[in-house]
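sequence plus predicted model, see below.
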Amino acid sequence: MENKDNTKLITNIVLIGGILFVGYKIFDKFFSKQNTKKEEETLKGYDKDLDELKKQGIVPTFDASKYNDDANSIKNQLSGIETYSNELKVILTIVNCVKNMADWVMLKKAFGIQDISDAFYGSTKYTLVQLLQDQLDNHVPLYFKVEEDNPPAGQRAWSYTSIFGGDLTLNVLNKFLQSRLRITI
């Protein structure tokens, strides 16, 4: 009798688990389509933004391959388990790529919508800004320095030094974007 009860219990657990899994998949599919539409609209907006910037005389500093290489580097650094070292490398990549607003738009456009591997399961779709907001979450080490290698003509190289740590990596990136472009993410 007890064996029948165990079999029935296991069957019920498997059935409920299956129903919950199917419900999750339906829910995920419905909402991921909505998010994808918003993200695609965002990507289309980058071309309009670039046109507006060109009208103002603000043009990309580098050729398209530089933005593609940097976007791939950012993806690779933040896939799986990221460390503060990887996060600082991402910040340095952005510091050395973004000289003006057109560069920022080109980098976001080159990144597009990427599947980023999660630490132990699956992946998540991100735009560049979404990825940075989500993944730049480590406190920086006790001492570090981020310094720009190639500043724009007529400008001093941007640098940031932390002696006592305590800053989030996202805050360090925002300090750069605020100083260079007057934006934050």
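Yep, it's here.

state the mean pLDDT of stretch 151-161.
The average pLDDT within stretch 151-161 is 91.

endpoints of that stretch, how far apart?
Criterion Cα to Cα, to the nearest Å; first-to-last residue distance in stretch 151-161 is 17 Å.

show me which residues of it are buried.
151, 158, 160 (16 or more other Cβ atoms under 10 Å). Just so you know, the C-beta spots here come from the backbone N, C-alpha and C atoms, and that holds for glycine as well.

just stretch 68-75 next, same as before
Neighbour-count burial for stretch 68-75 [16+ other Cβ under 10 Å]: 68, 70, 71, 73, 74, 75.

surely the fourth one is in a helix?
Yep, that's residue 73 we're talking about. Yes - if the criterion is DSSP: H, G, I helix; E, B strand; the rest coil, then residue 73 is within a helix.

can you list the buried residues of stretch 151-161 in a markdown table and add distance to residue 13 and secondary structure?
Output for those, formatted as a markdown table (distance: Cβ to Cβ, whole Å; DSSP: H, G, I helix; E, B strand; the rest coil):
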| residue | distance to residue 13 | secondary structure |
| --- | --- | --- |
| 151 | 62 | coil |
| 158 | 57 | coil |
| 160 | 53 | strand |
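
what is the nearest of those residues to residue 137?
residue 160 (17.5 Å; Cβ to Cβ).

now for the residue most central in space within the chain: which residues touch it?
Of all residues in the chain, the one closest to the mean position by Cα atoms, centre = their mean is residue 131, 1.9 Å from it. Residue 131 sits next to 74, 75, 78, 111, 114, 116 when contact means Cβ atoms under 8 Å, 6 or more residues apart in numbering.

report pLDDT for it.
So residue 131 comes in at 95 (pLDDT).

out of the helices and strands in the protein, which is least certain?
Least confident helix or strand, the chain: helix 2-55 with a mean of 75, by mean pLDDT, DSSP states H and E.

before we move on, the earlier item: a markdown table for the contacts of residue 131, including pLDDT and distance to residue 105?
As requested, those are arranged in a markdown table below (pLDDT from 0 to 100; distance: Cβ to Cβ, whole Å):
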| residue | pLDDT | distance to residue 105 |
| --- | --- | --- |
| 74 | 98 | 15 |
| 75 | 97 | 18 |
| 78 | 96 | 20 |
| 111 | 97 | 11 |
| 114 | 92 | 17 |
| 116 | 93 | 21 |
